[in-house]
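Peer 1: Give me the fold of what follows.
(2 chains)
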Amino acid sequence: MNVIEIKDLYKIYNGSSVEVRAVNGIDLTVEEGEFTAIVGPSGSGKTTFLNLLGGLDRPTKGSVYVDNVDIWKLKSRKLIDFRLNNIGFVFQAYNLIPVLTAKENVEFIMQLQGRSKKDREKRTRDLLEEVGLGDRLDSRPSKLSGGQQQRVAVARALASKPKFILADEPTANLDSKSTETLLNIMEKLNKEENITFIFSTHDARVVKKARRVITIEDGQILSDESK
Amino acid sequence: MLFSISWRNVWRNKLRSSVIITAIALGICAGVFSSAFYKGMADQRIDKVINTELSHIQIHQYDFRQANDITKYIPNAKDIASDIRSMDEVQGASYRTIIFSMISSAETAAGVKIAGIDPEVEKTVSNLNTKLIEGNYFEEKRRNPVLIGRKIAEKLKIKLGSKAIITVQDIDNNITAGAFRVVGIFDTQNNAFDEANIFVQHKDLSRLMNLPNGSGHEIAVLADNNEAVFNLQLSLNNNYKGMEVLSWTELSPEMSYLNEVMDLFMYIFIIIILFALLFGIINTMLMVVLERVKELGMLMAIGMNKLRVFRMIVLETIMLSLTGGVLGILLGVVVSKYFETHKIDLSMWGDTYSDLGYDPFVYTSLHPTLLINVTIMVILTGILASLYPAYKALQNDPADALRIE
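Peer 2: Just a heads-up that it's a prediction; the model follows:
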């Protein structure tokens, strides 16, 4: 079953003298349960592509269907709600809320969804235990290592029960041990709970774990290989 | 959780928040103290008007006040005063003979209002007996004693024990004079009153003016409290139809407005303080929003809608403002409460305040309404200060914000 369907997607920046085609006519489908890496050199358009996919950046042309909903036809407010309920985000710089504890960071997104306190607390505990942070529930981000913060970010992304998770260079700021731990957690979630992951990366270790590798260059798909 | 996040965000940059909170606290403290100071001043002035100068209610024959017609006297004033003293909610009632006339010393003469009073009965409505700075309150068995104010004593260059001649017109239009002896000099801290009023015994003035015993031009009534005045005035109007029954607010309308004018003045003062603080708060919150562009972008990216982001910034600003406001109010209350029992001495400015009728020693007076209103004003300032920073926060584009390194 297709989770994402991308048709004829363009993102063109019109500078003062030069036109930059960050995404230049991409067609793509992603099925439920995929573990997909998007690779490519710096400036190839990976992040822009993920932003279009995640409803953060408006395409110049083309459509992005998530569960058969053309997300760029949604009004601004509906799109935010759609992101909240359907897309999980993991950022390169973790981007946790610094004044909240690990538990509160995960719980926060469920509170935005209006879920009950009992439900929130149980799911938060389960998720943080799943990413190996059951003993750091009350730690603030500043008291956690980079790897631990990124694992909280993964738990947060999963908390809203999204259709898929977008991770932009999730291991770029991590040491090899933390990278390994994070990848194992993501792989386990993918295999055991059939969660769809799409991540942009430079990291060969990430690419090695991916079951589908899409290479982008100059805003176009250069190759699309499944293992 | 929005409350929790907002509150914790206030303390993310402790130094910056402390600076603006201190500024708000000092501003509000100054506002609260100033209000209590001026309110105290006004309360003391009104208290003086009631307890020394006018009493709560005065009764006259019609036309007496307008024309100062001494023939318009109340024949049974003493009996009426006695009857009124037995009424509910009445603390005291006194009868007075009044004439505007002359007092002269060996040096000079001055026009004054002469009040003939029954000293013991007068104590039930006036605290004049406590205002003496020299001599006593008609306690010596002397013939024709007179109490005069400090200012008129200076003007006439007379002192305690001096003789003064009082010249009056009697009810038959004859000019008559009497020699009086100064037995007391009073100082009410209202120079205008002290310069224009003298007090003699009722029987002496009545004799001089040829008025019948027990008559008077004025009956002064002191109620148990200011709240009782309205009903008491109604009762007196019913009981003494044909006479003019006026409350102190009608006798001295400018004094009745004093409280309102002072309140208005102080609220304008506090609004000016808050207006100045408003820009400080806006500046702080703009810095907060600019520093957190990436975080706000992330919140919007993961699904926090604009209304929630707006509410978060508004809440944060209100909490920041209210923390300073509450501290300022507490500080203002402590300082004001201290000066409720410890006088603020303004006598260094000489007679300036006494010339205007105000005590040079001020005791603050703090009203709970002021504190409630200031709290509401601080919250409104917080809301107002938050609007522009919150608007700026909403201008963030999540994708752009997340690109910031």
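Peer 1: What residue in chain A comes nearest to chain B?
Peer 2: For chain A and chain B, the shortest gap (C-beta to the nearest C-beta) falls at A:Leu84, measuring 2.5 Å. From N, CA and C alone the C-beta is placed, and that goes for glycine too.
Peer 1: Please name the nearest non-neighbouring residue to that residue.
Peer 2: Once flanking residues are discounted, A:Leu84 sits nearest to B:Gly303: 2.5 Å by C-beta to C-beta, 6 or more residues apart in numbering or on different chains.
Peer 1: tell me the phi and psi of A:Val30?
Peer 2: phi -130, psi 130 (degrees, to the nearest 10).
Peer 1: what's the answer for the one 3 residues further on, then?
Peer 2: Recorded main-chain torsions at A:Gly33 are phi 90, psi 0, according to degrees, to the nearest 10.
Peer 1: count of neighbours near it?
Peer 2: Close neighbours of A:Gly33, defined as other C-beta atoms under 10 Å in any protein chain shown, add up to 16.
Peer 1: Could you check the pLDDT of the closest residue in space to it that isn't next to it in sequence?
Peer 2: Closest residue in space to A:Gly33, ignoring its immediate chain neighbours: A:Asn194 at 4.3 Å, by C-beta to C-beta, 6+ apart. A:Asn194 is assigned 87 on the pLDDT scale.
Peer 1: ok, now A:Gly15?
Peer 2: For A:Gly15, the pLDDT comes out at 73.
Peer 1: swap in B:Gly350?
Peer 2: As predicted, B:Gly350 sits at a pLDDT of 66.
Peer 1: Same question for the one 5 residues further on.
Peer 2: Each residue has a pLDDT score; the one for B:Asp355 is 73.
Peer 1: which residues does A:Thr215 contact?
Peer 2: A:Ile38, A:Val39, A:Gly40, A:Ile221, A:Leu222, A:Ser223, A:Asp224 (C-beta atoms under 8 Å, 6 or more residues apart in numbering or on different chains).
Peer 1: which residues touch residue 138?
Peer 2: You didn't say which chain, so I picked chain A. When the contact criterion is C-beta under 8 Å, 6+ apart, the partners of A:Asp138 are A:Thr101, A:Ala102, A:Lys103.
Peer 1: that's the wrong chain, I meant chain B
Peer 2: B:Pro119, B:Pro145, B:Leu147, B:Val183, B:Gly184, B:Gln201.
Peer 1: Where does the third one sit: helix, strand or coil?
Peer 2: To tie it back to what came earlier, the one meant is B:Leu147. strand (DSSP: H, G, I helix; E, B strand; the rest coil).
Peer 1: With A:Ser200 instead?
Peer 2: Put simply, A:Ser200 is strand when judged by three-state DSSP.
Peer 1: That one contacts A:Ile38, correct?
Peer 2: Yes: applying C-beta atoms under 8 Å as the test, A:Ser200 and A:Ile38 come out as touching, 4.6 Å apart.
Peer 1: Return every residue with contacts to both of these two.
Peer 2: Joint contacts of A:Ser200 and A:Ile38 (C-beta under 8 Å, 6+ apart) are A:Lys46, A:Phe49, A:Leu50.
Peer 1: Okay, and which of those map to helices?
Peer 2: Here DSSP state H is the test, and the shared contacts of A:Ser200 and A:Ile38 give A:Lys46, A:Phe49, A:Leu50 as lying in helices.
Peer 1: what's the burial count for residue 224?
Peer 2: Went with chain A since none was named. If we define neighbours as other C-beta under 10 Å, then A:Asp224 has 13 of them.
Peer 1: think we crossed wires, I meant chain B
Peer 2: 14.
Peer 1: Just confirm it contacts B:Val90, I think it does.
Peer 2: Yes: taking contacts as C-beta under 8 Å, B:Asp224 lies within contact range of B:Val90: 7.1 Å.
Peer 1: Could you pick out the longest helix of chain A?
Peer 2: helix A:176-193.
Peer 1: Can you mark which positions in that one are buried?
Peer 2: The neighbour-count check on helix A:176-193 (16 or more other C-beta atoms under 10 Å in any protein chain shown) flags A:Ser178, A:Thr179, A:Thr181, A:Leu182, A:Leu183, A:Ile185, A:Met186, A:Leu189, A:Asn190 as buried.
Peer 1: Equivalent analysis for stretch A:31-45, please.
Peer 2: A:Gly33, A:Glu34, A:Phe35, A:Thr36, A:Ala37, A:Ile38, A:Val39, A:Gly40, A:Ser44, A:Gly45.
Peer 1: Tabulate the contacts of A:Thr215 in JSON lines, adding columns for secondary structure and distance to chain B.
Peer 2: Putting the contacts of A:Thr215 into JSON lines (DSSP: H, G, I helix; E, B strand; the rest coil; distance: C-beta to the nearest C-beta, whole Å) gives the following:
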{"residue": "A:Ile38", "secondary structure": "strand", "distance to chain B": "16"}
{"residue": "A:Val39", "secondary structure": "strand", "distance to chain B": "20"}
{"residue": "A:Gly40", "secondary structure": "coil", "distance to chain B": "17"}
{"residue": "A:Ile221", "secondary structure": "strand", "distance to chain B": "21"}
{"residue": "A:Leu222", "secondary structure": "strand", "distance to chain B": "24"}
{"residue": "A:Ser223", "secondary structure": "strand", "distance to chain B": "26"}
{"residue": "A:Asp224", "secondary structure": "strand", "distance to chain B": "25"}
